[in-house]
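*Asks:* model this:
(chains A, B and C)
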Amino acid sequence: MIERIQVTSEAREQLKDITSEVNAALRKVGVKDGVCLIFAAHTTAGIVVNENADPAVCFDMLDWLESAVPQSTPFRHEEGNSPAHIKATLVGQSASLPVEGGRLALGVWQGVFFAEFDGPRDRTVIVSVVAS
Amino acid sequence: MIERIQVTSEAREQLKDITSEVNAALRKVGVKDGVCLIFAAHTTAGIVVNENADPAVCFDMLDWLESAVPQSTPFRHEEGNSPAHIKATLVGQSASLPVEGGRLALGVWQGVFFAEFDGPRDRTVIVSVVAS
Amino acid sequence: MIERIQVTSEAREQLKDITSEVNAALRKVGVKDGVCLIFAAHTTAGIVVNENADPAVCFDMLDWLESAVPQSTPFRHEEGNSPAHIKATLVGQSASLPVEGGRLALGVWQGVFFAEFDGPRDRTVIVSVVAS
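*Replies:* Modelled structure (predicted):
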């Protein structure tokens, strides 16, 4: 009951709505009630659950993260992308969501976003569903 | 095996202990061992697992979040509550806890808090339990 | 299907790789596919999933957290370890990971770390696995 979603990010940083892809994975799996884990199999990306009505919320979040963990800070990691690693840990590598009636039991304004912090890249999101 | 908890927050920002409500939902569900997902179905609220012995810890956490994501920062989202969205993502929309013997397997000092960042409001917490 | 891992931290702050301990717990439990919850039963420690190739990433993360939540900030909590509580909430008390073929389905560069913010101490990590 594991599905993989391929995500292509289009910028260095991006919150990309994957709600419909996750619901499609859920339908394949066929679990009616339980828990759905959405996991970014990467160290410079994460999963965010937040408002998908006004896109300004996503830009405000990326702006705030950039002000909190500036790209310009000196870091030891020689690849130079430590801020991306830190942002990924701050938002979290995964989201766990309740499943009800075969769909994500999201609030009215909630969507699921793939959080890219070191793109653009091809990425993999793992969806694992357990029935209750 | 999904239960809903109604939470009424009393302030714009509040960490409200819901540990006993979650344990009550667990008893209804009747799962002995497994995982309990506690999910805030909102975009300006989250779930925190932290100390419930000294209430000062909660106030310190809210103070720190306010200093890190000040209400006064200019944001694009016209509703003006972007800081609440960002704080919710920082603490996380959900907590997953081990269930053992029909109860949350919490550490001695741990409690489960509903984290309100845009109250006061009536809110819904979804509890989904999967047996191991 | 609950296992406990004993972790001894060696410093006040440390990200300690526990990936192999978690995989060992998984083998004991014998679940092939599903979800593995890794939970720090403490209020000043958490679980981080991030790069385990270059140790500099961990030091950069601890450095950034210290700059964001300085030990020197005045806090109400009289024990004086509020920054440790806040850091634990920022990284999260737990990680949920997909299990595939009896192993954690981690990305190539991902490892699981116990995040100590108030050590050195003896700590307990609870591993709860549910089959899909």
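*Asks:* next one, pLDDT for residue A:49 please.
*Replies:* On pLDDT, residue A:49 comes in at 98.
*Asks:* what kind of secondary structure is it in?
*Replies:* Of the three states, residue A:49 takes strand under DSSP: H, G, I helix; E, B strand; the rest coil.
*Asks:* which parts of chain A sit against chain C?
*Replies:* Within chain A, the positions adjacent to chain C are A:1-2, A:31, A:35, A:37, A:39-43, A:68-69, A:73, A:75-79, A:82, A:85-86, A:88-90, A:92-94, A:96, A:124, A:126, A:128-131 by CB under 8 Å from any CB of the partner chain. (Glycine included, C-beta is placed from N, CA and C.)
*Asks:* of these, just the buried ones, ChimeraX syntax please.
*Replies:* The following ChimeraX line selects those of those that are buried, judged by 16 or more other CB atoms under 10 Å in any protein chain shown:
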select /A:1,2,31,35,37,39,40,41,42,43,68,69,75,77,82,85,86,88,89,90,92,93,94,96,126,128,129,130,131
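*Asks:* what about the residue nearest to residue A:28 when sequence neighbours are not counted, neighbour count?
*Replies:* The shortest distance from residue A:28 to any non-neighbouring residue, by CB to CB, 6 or more residues apart in numbering or on different chains, is to residue A:3 (5.8 Å). Residue A:3 has 19 neighbouring residues, counting by other CB atoms under 10 Å in any protein chain shown.
*Asks:* what's the spacing between residue A:3 and residue A:55?
*Replies:* 26 Å (CB to CB, to the nearest Å).
*Asks:* now do residue A:95
*Replies:* 19 Å.
*Asks:* which of those two has more neighbours?
*Replies:* Each of residue A:95 and residue A:55 has its neighbours counted (other CB under 10 Å); residue A:95 has more, 24 against 13.
*Asks:* that one sits in which helix or strand?
*Replies:* Assigned by DSSP states H and E, residue A:95 belongs to strand A:94-100.
*Asks:* give me the buried positions along the longest helix seen in chain A.
*Replies:* Criterion DSSP state H: the longest helix present in chain A is helix A:56-68. Neighbour-count burial for helix A:56-68, counted by 16+ other CB under 10 Å, picks out A:56, A:57, A:58, A:59, A:60, A:61, A:62, A:63, A:64, A:65, A:68.
*Asks:* spatially nearest residue to the second one (excluding sequence neighbours)?
*Replies:* The shortest distance from residue A:57 to any non-neighbouring residue, by CB to CB, 6+ apart, is to residue A:51 (4.4 Å).
*Asks:* which residues touch the spatially most central residue of chain A?
*Replies:* Centroid-nearest residue in chain A: residue A:47, 2.1 Å away (criterion: CA atoms, centre = their mean). Neighbouring residues of residue A:47 by CB atoms under 8 Å, 6 or more residues apart in numbering or on different chains: A:38-40, A:91-95, A:112-115, A:125.
*Asks:* can we see that at 10 Å?
*Replies:* A:15, A:18, A:22, A:37-40, A:88, A:91-97, A:112-115, A:125 (CB atoms under 10 Å, 6 or more residues apart in numbering or on different chains).
*Asks:* same check, this time on residue A:61
*Replies:* A:13, A:15, A:48, A:50-51, A:87, A:91, A:113, A:115, B:69, B:75, B:77, B:82, B:85-86, B:89-90.
*Asks:* point out the ones among the contacts of residue A:47 that are inside strands.
*Replies:* A:15, A:37-40, A:94-97, A:112-115, A:125 (DSSP state E).
*Asks:* so which of these are also by chain B?
*Replies:* A:15, A:37, A:94, A:95, A:96, A:97, A:113, A:115 (CB under 10 Å from any CB of the partner chain).
*Asks:* correct me if wrong: the fifth one contacts residue B:35.
*Replies:* Yes - with contact defined as CB atoms under 10 Å, residue A:96 and residue B:35 form a contacting pair (8.6 Å).
*Asks:* overlap of the contact sets of those two?
*Replies:* Counting by CB under 10 Å, 6+ apart, the residues touching both residue A:96 and residue B:35 are A:35, A:37, A:130, B:96, B:128, C:35, C:37, C:94, C:96.
*Asks:* okay, these in CSV with distance to residue A:27 next?
*Replies:* CSV is the format used below for these (distance: CB to CB, whole Å):
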residue, distance to residue A:27
A:35, 16
A:37, 16
A:130, 16
B:96, 23
B:128, 18
C:35, 19
C:37, 25
C:94, 28
C:96, 21
